[in-house]
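> Could you work out the structure for the sequence below:
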Amino acid sequence: MTMPEIALPSIPGGWGSEIVSVGGRTLDLWLPKKPDAFLDDPEVIEANRRDDYMPYWATLWPGAKIMAHVIDRAPWPRETELLELGAGVGLVGLVAQTLGTRVVFSDYDPVAVQVCRYNAIRNQLPDPEGLTLDWRNPPARQFPAIVGCEVTYDPKLHEPLLQTLATMLSSGGVCWLGDPGRYWSKQFFQLASQTFQVRILDRDLRVSSFPSDRDFQIFELRWPEKN
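Okay, here's the model as predicted:
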């Protein structure tokens, strides 16, 4: 295999690979071999002290694997330009790319953005756009579709996340946020419902009447219809 022309930095614990099969497609992901090794890294410790930073991007979370299996049933056309929030190592966006979607991978950590591009090229997909994105200061750019997975874990980030969606989701657009059923799911649902029309879908895309605190779900956000 011809390796991507993207230079990745040395990281604590080194790099490794994982093969993930999704709907008949096989993806070879390059990702941190030992995510917990970041916790002892002086730069990460200092960033955490300064900005409450944690290297969550380095872990391929279980919810992302579930989301990857249902992204082909998302309600937007496959050729849509899609923004992925908190992309991590890029699994969900990569699957979307295999469907013909034009994915912009974003993450707070620029190394994660590099890894997403690296993984796209590694899997013979087009080199995608990468965007280093701080939810506290979103750019004035809009997308008809936005996706994120495991991004609702911290209640302190709910308002910045929703402000980013309010800024970056275009009129008539739709957002899917995959959530593994975390403790704060109900609070996020209530807060999101103040701005957006929100539906809750289970892993089979059946509509639920209330958020779960133990099972995977998707929060589907749309702008309210104008009267």
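> residues in contact with the helix or strand bottoming out on mean pLDDT in the chain?
When the helices and strands of the chain are scored by mean pLDDT, DSSP states H and E, helix 42-51 comes last with a mean of 91. Outside helix 42-51, the residues within contact range by CB atoms under 8 Å, 6 or more residues apart in numbering are 12, 38, 39, 53, 54, 55. Heads up, the C-betas are built off the backbone N, CA and C, glycines and all.
> Also stretch 107-116?
By CB under 8 Å, 6+ apart, the surrounding residues in contact with stretch 107-116 are 6, 8-9, 11, 30-31, 53, 55, 57-58, 84, 86-90, 93-94, 105-106, 128, 130-135.
> returning to that earlier point: for the helix or strand immediately after the least confident helix or strand of the chain in the chain, packing partners?
Next in sequence after helix 42-51, counting helices and strands by DSSP states H and E, comes helix 62-70. Here helix 62-70 touches strand 15-22, helix 91-98, strand 143-149, strand 169-179, going by 3 or more CB pairs under 8 Å, 6 or more residues apart in numbering; DSSP states H and E.
> angle of helix 62-70 against strand 169-179?
Angle, helix 62-70 to strand 169-179, by axes from the mean of the first three to the mean of the last three CA atoms, to 10 degrees: 120 degrees.
> Buried residues, helix 62-70. List them.
Going by neighbour count (16 or more other CB atoms under 10 Å), the buried part of helix 62-70 is 63, 64, 65, 66, 67, 68, 70.
> now do stretch 83-90
For stretch 83-90, the neighbour count (16+ other CB under 10 Å) marks 83, 84, 85, 86, 87, 88, 89, 90 as buried.
> Any idea how far that stretch is from the middle of the chain?
Between the centre of stretch 83-90 and the centre of its chain there are 4 Å (CA atoms, centre = their mean, to the nearest Å).
> For the remainder of this discussion, apply numbering that starts at 487.
Renumbered: residue one is now 487, and that last one reads stretch 569-576.
> Pull the residues that contact it.
When contacts are taken as CB under 8 Å, 6+ apart, the neighbours of stretch 569-576 outside the stretch itself are 515-517, 542-547, 550, 578-579, 582, 589-594, 598-599, 601-602, 605-606, 617, 619, 621, 629, 631-637, 647, 650, 654.
> so where's this structure shaky on pLDDT?
487-491, 713 (pLDDT under 70).
> Tell me which residues of the least confident helix or strand of the chain come out buried.
Judged by neighbour count using 16+ other CB under 10 Å, the buried positions of helix 528-537 are residue 530.
> mind checking how far that helix is from the chain centre?
Averaged over its C-alpha atoms, helix 528-537 has a centre that lies 23 Å from its chain's centre (CA atoms, centre = their mean).
> now swap in stretch 670-688 and tell me
A distance of 17 Å separates the C-alpha centroid of stretch 670-688 from that of its chain, computed with CA atoms, centre = their mean.
> List the buried residues in that stretch.
Using 16+ other CB under 10 Å as the test for burial, stretch 670-688 gives 670, 671, 674, 675, 677, 678, 682, 684, 686, 687.
> Can you get me a residue count around the residue nearest to residue 682 when sequence neighbours are not counted?
Spatial nearest neighbour of residue 682, excluding adjacent residues (CB to CB, 6 or more residues apart in numbering): residue 707 at 4.1 Å. Residue 707 has 22 neighbouring residues, counting by other CB atoms under 10 Å.
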